[in-house]
Structure formats: C-alpha cells, structure tokens
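Asks: Give me the fold of what follows.
(chains A, B, C and D)
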Number of protein chains: 2
Amino acid sequence: MSAFGFTSHDHAACISAGVAQAATACQAAGLQFTPVRRRVLEILLAEHRAMGAYDVLEHLRREGLGSQPPVAYRALDFLVKNGFAHKIERLNAFIACTRSGKDHAPVFLICSSCASVMETTWEPGESQLGVAADAVGFSVNAVVVEAMGTCPACRADIGR
Amino acid sequence: MSAFGFTSHDHAACISAGVAQAATACQAAGLQFTPVRRRVLEILLAEHRAMGAYDVLEHLRREGLGSQPPVAYRALDFLVKNGFAHKIERLNAFIACTRSGKDHAPVFLICSSCASVMETTWEPGESQLGVAADAVGFSVNAVVVEAMGTCPACRADIGR
DNA sequence: GGCTTTTTGTTGTCTTATTACACTTACTGC
DNA sequence: GCAGTAAGTGTAATAAGACAACAAAAAGCC
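Replies: Numbering: from 1, shown residues only, chains lettered A, B, ... in the order given. Predicted coordinates for the structure are as follows:
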C-alpha cells in the first residue's frame, strides 16, 4: 500500500490500469506506445510522486533502456503531450496523470515538506480567471495551478 | 510609452513609483534595500516583462554591479520573498510585481507567441481549489496560477 | 522489396541554479 | 566608540535541468 494523492489504494492495480488505459488511448489515436514510453509511464505510476527527468533516466539506465537525457525527455514529452502525465513546473518534475483520458485543467497540491503531489481539477470557465482574461482580450489555452502547502500526513507529523 | 500588462501607461512614473513603494515597505519592515536589490527591481520594472536571472545579471554586469550568478539570484530571491517580484515557473523567469504591498495570490497570463506577461489576481478562498484542498486535509500556503494563451496584440497580428 | 515516417542512440552544449568560502558592511549592546 | 554578531556581497566552481543535431534503427505504407 502506498499513497495515491493522500489516500490509500491498490497500487499494483493502479499501475496496470494506468498503463492499460494509455495503451488503449494510443491505439485509438494511432500513436506508438513503445517500450520506453510504456516503461516511463510505469515508473511514474509506480513512484506516484513527482520525479525529475534525471530520476526517470536513472531507472531507465539501470534497466538498459537508454542512458542519455534525451531518451527520458522524449518519452516524458510524449506522455505530457498526450495527457498521460503532467509537468509540475514548480518542481521541474513529472507525474503520471491520475485522470487520464479526460481533457482537464489539472490542479496540483504540492506538500512543501515531503514533496508528495495530489492532482485534482477545477473548472476555469467558472472562475474569475476566465472573466479577468476576457476583460483584457487574452485568450487562454492552458492553465497551470500549483498550490504549495502541507499534506495531511505532514501536518500530523508536525503535531506529533 | 510601453506595455503594462497589455495596456499603455506612463512608464517612467511606474518605475519610480514601484521603487519608492518597495523602499518604503523595506524601511517599514526593517529590510535592507541595498543598491543591488534596488537596481534589480528597477531593471525588472523597466523591462516590464518576464526576465531570466541571466538577463538581469547581464544588465548588472554591464553596470559593474556584480558579475556572478549568485548576485542576481540573491537579489531576485529577496524581491520574490518580500513580494516585490514574482517568479514565473513556466518560463524560469522573474517579473516585477504590479500589485506590490497587498498580500495577494498572483495569476499570470502568459502570451505563448510574444512571451509578454500580465499579472492579475484571484481569491483562492472562494474557489473550488480551497474546497478540494480542505476535503483532503491539505492546507494551502501559496498558489501559483499561470495561464498560457495569446495576448490581444498577438491575436491582432494573427488576424492581420 | 523499396520508400517514407517515426523513434531511438549518442554526442555535445546550453541554460538555469546552487554550494562554498572569503570578505565586507550594517546593526546591537555595552 | 568599539567589540561582537548578523546580514549582505564577491567570486570560483560546479550541479541540475534541458535541448539541438545527426546518425542509426524500427515501423508503417505502397
């Protein structure tokens, strides 16, 4: 058992489900879900936290799947572009998408003390942001929302 | 005349006002508004766009105010920490705060084609974000919202 | 099979950011 | 004023993150 967002779950099932979902989506879209790409997604799903490109590369290297930075970056770019993973700008790190398939505006809750990340969503259309952008004639394509704070586990630790 | 966000304004006044405001705030808080820090803020205000740390450093270097990266990073860290500037994570760049003084949750509208940045604000407390965070027991300290899109000027260029 | 497109392997380099340490300036209490 | 301490600056070196460019291999198509 491990942390999914901040709640427990069946982790092995969650990895295989994520990979299967991606495989299906790639097939449907005519994309190549190659071994490297599949493996990178598995690594991200297995860790269930934000990982740097070089962390991912280290895994690949140990498995003989590629040793140079571009290998990791290309796979990560593929996953991000197709919605199977997200980049957390604040951490220069990547995380598997937990809401794969849906076209969504991700929101990340990042714990400052343990660096765990939870993904949730919002509806930008309903927010002040859309209104403010419209007011100045700015058309929004993509929104990144990253909230720094303390996760429940770390709050408990502090109180202990 | 130059772009302030996406609307025109008296730029010289805006620089001196920004610096004066920061000077006052530093005095009130017992912070040292040193020449390097002042100059970095002036540079950010003068350009009125997101600048990389090395862009800022280049200005300092030409003026003999420091030539090594830490000089720029320390000044920028000071400005960010005290709310006189913000870091745009998505661009690895910094921009002077246009709402100095108020404790606010900044929102950035970033133009993908010309890289200009407009700052606005929102009220996270009223949003779904606060609700979602509360629901999982996550306490939010700071929120970064960065919207990629197209600014009015670039939209006009495309249409032309 | 031959052709085109996509993906991978690899080298090298560039940008962004920080650590570490010496030195100087500013504040504090006496 | 002046020691003692804290804060800030100068500098060198290096770590971390990211990508451009090109060659080789694999996949998809006719």
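Asks: Ramachandran coordinates for residue A:137?
Replies: Dihedral pair for residue A:137: phi 80, psi 20, per degrees, to the nearest 10.
Asks: Residue A:76: how many residues sit nearby?
Replies: Counted with other C-beta atoms under 10 Å in any protein chain shown, the burial measure for residue A:76 works out to 24 neighbours. C-beta: built from backbone N, CA, C; applies to glycine.
Asks: Mind giving me the packing neighbours of the helix or strand hosting it?
Replies: In this structure, residue A:76 sits in helix A:69-81 according to DSSP states H and E. Other helices and strands packing on helix A:69-81, by 3 or more C-beta pairs under 8 Å, 6 or more residues apart in numbering or on different chains; DSSP states H and E, are helix A:35-47, helix A:53-62, strand A:85-88, strand A:93-96.
Asks: Which stretch among the ones you listed is buried most, on average?
Replies: For the helices and strands packed on helix A:69-81, average neighbour numbers computed from mean count of other C-beta atoms under 10 Å in any protein chain shown are highest in strand A:93-96, which has a mean of 25.
Asks: mind checking how far residue A:97 is from residue B:86?
Replies: The gap separating residue A:97 from residue B:86 is 27 Å, by C-beta to C-beta, to the nearest Å.
Asks: Identify the residues contacting residue A:82.
Replies: Residue A:82 makes contacts with A:25-26, A:29, A:31, as judged by C-beta atoms under 8 Å, 6 or more residues apart in numbering or on different chains.
Asks: And for residue A:119?
Replies: If you count contacts by C-beta under 8 Å, 6+ apart, residue A:119 has them with A:5, A:86, A:95, A:97-99, A:106-109.
Asks: Please identify the residues of chain A in proximity to DNA strand D?
Replies: Counting by C-beta under 7 Å from any atom of the strand, chain A comes close to DNA strand D at A:32, A:52-54, A:68-70, A:73, A:77, A:92.
Asks: For the residue positioned nearest the centre of chain A, list each beta-bridge partner.
Replies: The central residue of chain A, meaning the one whose C-alpha is nearest the mean C-alpha position (C-alpha atoms, centre = their mean), is residue A:95 at 2.7 Å. Here residue A:95 sits in beta bridges with residue A:86, going by DSSP bridges.
Asks: So what touches the lengthiest strand in chain A?
Replies: In chain A, with assignment by DSSP state E, the single longest strand is strand A:139-150. Surrounding strand A:139-150, the residues in contact under the criterion C-beta under 8 Å, 6+ apart are A:88-90, A:105-113, A:122, A:124, A:129-130, A:133, A:158, B:89-90, B:109, B:112, B:124, B:129, B:133, B:138-150, B:155.
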